[in-house]
Structures are given as C-alpha cells and as structure tokens.
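Asks: kindly return the folded structure for what I paste below:
(2 chains)
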Amino acid sequence: MSTRNENPSGAAEPMIGATGLTKQYGRSQALRGASVTLRAGEILAVTGASGSGKSTLLHCLAGIVRPDEGEVSYGRERLDRASENRLSELRRTDFGVVFQFGQLIPELTVRDNVMLPLLLAGTDRAAAQDRADEWLERFGVRGQAALRPGELSGGQGQRVALARAWVTGPKAVFADEPTGALDSLAGEQVMTALVHAARESGAAVLLITHDAQIAAYADREVWLRDGAVHSGATPFAVQEAAHHEG
Amino acid sequence: MSTRHILLGLLAGSPCHGYDLKRRYDELFPQARPLAYGQVYTTLQRLVRDDLAAVEGTDSDGGPERTLYRSTDRGADELAAWAQGVTPPAPFVTNEIFAKVVISLLVAGTEGGDRTAEAAMYLQAQRAAHMVRMHELTGLKTTPGADLSTVLSADYALAHLDADVRWMATTATRLTTLTAEVDAV
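Replies: Reported below is the predicted structural model:
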C-alpha cells in the first residue's frame, strides 16, 4: 500500500483521528483498541470480515456512537466528549452518512429527501430545492426527483442517498457498504459517482466494504481484524488463524 | 487467445490488409501483447492454406503493393463454431501464488524461520500488490471516455484479481491447519 499512502491532492493533514477505541455491545467486544486517521480529501477504505467491527468504527468516527474508551478528534474538537447537541449539529453540517440500504424516507419524494438536511439546518425552501436538484443532477438522478424511493432501482436509491449526504457540503462522508446490496454494474456506477463527488467537493470519505473491487476505488486501505486496525505492513493472518483454531 | 480465430473474426466484416488486421487487433486487445507482423502473415497464410480465408486481390494505394484477404464460407462456419463453443473451465490450481504458499509452508525461507508467519507475510504483501493493480485498473476503466475494450479487459482482470484476493484471505485463515497438513505428508 505504500505507493498509495498519499491522496492525489497531496493534502495529508489528519481530519478525523481515532486512537485506542474500544466498544462493547453486551458481551461482544466490537472494537479492541482501534486507531485510524482520515485525512482531508482522501478516500479511505476500511475492509474486514463481517463482525470485525467496521460499522462500529464508522459510528464512532461519525459521532453516532460514543466509544467506551479512546479518543476521537475532529480538528481540535474531541467528539468522544462532545455534547449530543454538538454531535447532531455536526451530523447535519459537517458529516454525511450513507448506509447499505439508502434509508430514504419512503413517504417523501426523492427531492424532499435530499432537501431535508438543508431544511433541518435552516436553509430556506427555494434555496434548498435548487441545491437538492443540483446534487441530484450530479448523481444522475435529477429525472427521478418527483418519484418516491419505492419507485427507484437499488442503484438509483443509493445515488439519491449520496446526493443527500453531499447536499450540505460536508467535510467528511461516511459510507457503510454503500454498494453492498447492488449488482456489480450498479455498484460501479455508484462508486464512480462517489469518487467524482469526493474529488469535486474535496470531502474526505470513509468507505466501509468487504469487497476488494470496491476498496480498489479508494486512495488507501486499512483492515479491521478482531476489533483492531491494520494497514499494509501488518501481518494479519497469524492472529486470525490462532483465533479460529486455538 | 486464439489469434487465428480473432483474425478470422476481423476478416468477417470486410476484406482487410495484414497491416489493418494488426492495428485493429491491438486496438481491441489493449492489455494483450501487441501482435507481431510476422505472426499476422504466418496466420493469414495458414488460414488461406486451410481454405478459411482467401486472397481477395492486391492494391497499392500509392505505396507498396498490399494483399487484401477475405473470409470464406468455411471460415465463417469455423468462426461461428469457435465463438459459440464453450471454453473448458481451466483448473487454475497450478497458479504461482498457490505454489509459493505450499512451498513456503514446506520450507522456511530463513534458517529456523516460522513458516506460517512467513507465508502470512507473503500473502499480505501479495494482497497489497494485487490491490495496487486493482486500483490502477479501476482508474483506467472509470476514466471518462474510456473505450469499450479497455473497460471490458479491465473488468476481466479485476474479476480475476478479486478471485485471487478472496483465495488469499481464506488461505490466510487456514495457514495453521495447512502447515500441520504439509508436515504430515
């Protein structure tokens, strides 16, 4: 991975940094001392088998979940200590999130779904509609603006979810298996749109995936094994084998 | 790849010179090694010998005289049979990556080295190299205006590299068992 350690823009300053994160759900230890840095403008793929803690890591970095231990920094701010109000403000203004199933609101039209984060942030309706249409256009789903989510194909739905994530001009977008439910061609269209949006907007992207072909779109890749983060030089297999067979 | 059938396919549309066949071949298969002129002419001569192609005539077009070839009816039949014929699914088990893992587990690379750890390190490095190549291919095929043959050949390579990566991940989790099995042989 050493040839891909820098993102194309050359900007390497850390934007979100996590150190020593642990998180336990009941008796299951999702994270065991995970550390990772998301740099400004980069697309970072986090891969790993199911149950390795990928989604929990994303939730901690995006301020959706508080770690039991460890620090999450966003610039000079400590997200692990921030108030709920501040975290929801950040999620409205600075962070965009996309899940495997777009989680669009079925009762609203595509356009209203994309306008929603802007309206919640206090943008007036006309301006919100213009920006929503602009982002729907960029993701190639402007023609579907008046439809309801149930009328979209899987790939269209994910592109609408991307438009909703980008419409607020986020500094970072968190994408959890955004192509996990799509066939490979629709997945490719979604990833191509995501990469273009990231490059044009300068937003950093944390991309969770178990698929090497999807990870290949990223600038850099790290792995999660048993709740800890590894990168290129770390031998992973021995612990894994010992864990399964010991 | 069957150069013979590819050239036959290129001749099927309209008569063609050897030079144009080479140029079109290289355009259609950009990831393959460029076709040598010598191979084009040898292949064309064999196609004519086997009555699959015939000499249509010659023209000079102001330059040196060039032979124009066309496909025959037999050539068209042969091409259709090849294009529709199923290629035997290859048993890729003799792949070099596979061989390296087996040999690494058999013999430690360094005196007193931990074979399982060495194989794991190898798999890790190989996976990283695969990912770099997959990243390049993804960049190639998603470049705006990438032509169809580039996209198709990148897709093909990506799917095969992806299969290697999956195999490496599974093998990595089985290394301890594999070492025990190799020792028992």
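Asks: when you work out contacts or count neighbours from here on, use the C-alpha atoms and nothing else.
Replies: OK.
Asks: what does the domain assignment say about chain B?
Replies: B:3-84, B:92-184 (automatic domain parsing).
Asks: now tabulate these in JSON lines and tack on mean neighbour count and mean pLDDT.
Replies: Below are the domains of chain B laid out as JSON lines (neighbours: other CA atoms under 10 Å in any protein chain shown; pLDDT from 0 to 100):
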{"stretch": "domain B:3-84", "mean neighbour count": "15", "mean pLDDT": "89"}
{"stretch": "domain B:92-184", "mean neighbour count": "17", "mean pLDDT": "84"}
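Asks: ok, which of the ones you listed comes nearest A:Ala181?
Replies: For A:Ala181, the closest of these is domain B:92-184, at 18.1 Å, according to CA to CA.
Asks: ramachandran coordinates for the residue of chain B positioned farthest from its centre?
Replies: Distance from the C-alpha centroid of chain B, by CA atoms, centre = their mean, peaks at B:Gly112 (39.4 Å). Main-chain dihedrals, B:Gly112, degrees, to the nearest 10: phi 70, psi 10.
Asks: quick one: the strands in chain A?
Replies: Listed in chain order, the strands of chain A (DSSP state E) span residues A:14-25, A:28-39, A:43-47, A:69-74, A:77-78, A:95-98, A:172-176, A:204-208, A:220-225, A:228-230.
Asks: in a markdown table, list these along with mean neighbour count and mean pLDDT.
Replies: A markdown table is the format used below for those (neighbours: other CA under 10 Å; pLDDT from 0 to 100):
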| stretch | mean neighbour count | mean pLDDT |
| --- | --- | --- |
| strand A:14-25 | 19 | 94 |
| strand A:28-39 | 20 | 92 |
| strand A:43-47 | 26 | 94 |
| strand A:69-74 | 19 | 96 |
| strand A:77-78 | 14 | 94 |
| strand A:95-98 | 25 | 94 |
| strand A:172-176 | 24 | 96 |
| strand A:204-208 | 26 | 96 |
| strand A:220-225 | 23 | 88 |
| strand A:228-230 | 22 | 85 |
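Asks: out of the domains of chain B, nearest to chain A?
Replies: domain B:92-184 (4.4 Å; CA to the nearest CA).
Asks: and A:Val46, what is it in contact with?
Replies: A:Lys54, A:Leu206, A:Leu207, A:Ile208, A:Thr209, A:Ala215, A:Glu221, A:Val222, A:Trp223, A:Leu224 (CA atoms under 8 Å, 6 or more residues apart in numbering or on different chains).
Asks: what parts of chain B come near chain A?
Replies: Those residues of chain B that sit near chain A, judged by CA under 8 Å from any CA of the partner chain, are B:116-117, B:120-121, B:124-125, B:128-129, B:131-132, B:134-135, B:138-139, B:142, B:158-159, B:162, B:165, B:172-176.
Asks: which ones among these lie within helices?
Replies: Those of the residues of chain B next to chain A mapping onto helices are B:116-117, B:120-121, B:124-125, B:128-129, B:131-132, B:134-135, B:138-139, B:142, B:158-159, B:162, B:165, B:172-176, per DSSP state H.
Asks: okay, and the spatially closest residue to B:Gly9 that is not a sequence neighbour sits in which element?
Replies: Leaving out its chain neighbours, the residue that sits closest to B:Gly9 by CA to CA, 6 or more residues apart in numbering or on different chains is B:Leu79, at 6.6 Å. B:Leu79 belongs to helix B:73-84 when assigned by DSSP states H and E.
Asks: quick one: distance of the helix or strand following that helix to the chain centre.
Replies: Sequence-wise, the next helix or strand downstream of helix B:73-84 (DSSP H and E) is helix B:96-106. A distance of 23 Å separates the centroid of the chain from that of helix B:96-106, by CA atoms, centre = their mean, to the nearest Å.
Asks: what's the single longest helix in chain A?
Replies: Counting by DSSP H, the longest helix found in chain A is helix A:184-201.
Asks: which of the residues in it are classified as buried?
Replies: For helix A:184-201, the neighbour count (16 or more other CA atoms under 10 Å in any protein chain shown) marks A:186-195, A:197-199 as buried.
Asks: nearest to chain B among these?
Replies: A:Thr192 (6.7 Å).
Asks: report the contact partners of that closest one.
Replies: By CA under 8 Å, 6+ apart, the contact set of A:Thr192 is B:Thr142.
Asks: what do you get for the one 10 residues further on?
Replies: For A:Gly202, the set of contacting residues under the criterion of CA under 8 Å, 6+ apart consists of A:Ala40, A:Gly41, A:Lys171.
Asks: could you find the closest non-adjacent residue to the last one?
Replies: The shortest distance from A:Lys171 to any non-neighbouring residue, by CA to CA, 6+ apart, is to A:Ala203 (4.7 Å).
Asks: shouldn't the one you found be in contact with A:Val173?
Replies: Yes. Contact criterion CA atoms under 8 Å: A:Ala203 and A:Val173 qualify, at 6.8 Å.
Asks: low-scoring stretches of chain A, by residue?
Replies: A:1-12, A:232-246 (pLDDT under 70).
Asks: grab the most central residue of it for me.
Replies: A:Phe174 (1.4 Å).
Asks: could you check how far B:Pro34 is from B:Arg23?
Replies: Counting by CA to CA, to the nearest Å, the gap from B:Pro34 to B:Arg23 is 9 Å.
Asks: to clarify, my last question referred to A:Val114.
Replies: 49 Å.
Asks: please apply the same query to A:Arg199.
Replies: From A:Arg199 to B:Arg23 the distance is 36 Å (CA to CA).
Asks: equivalent analysis for A:Ala186, please.
Replies: 33 Å.
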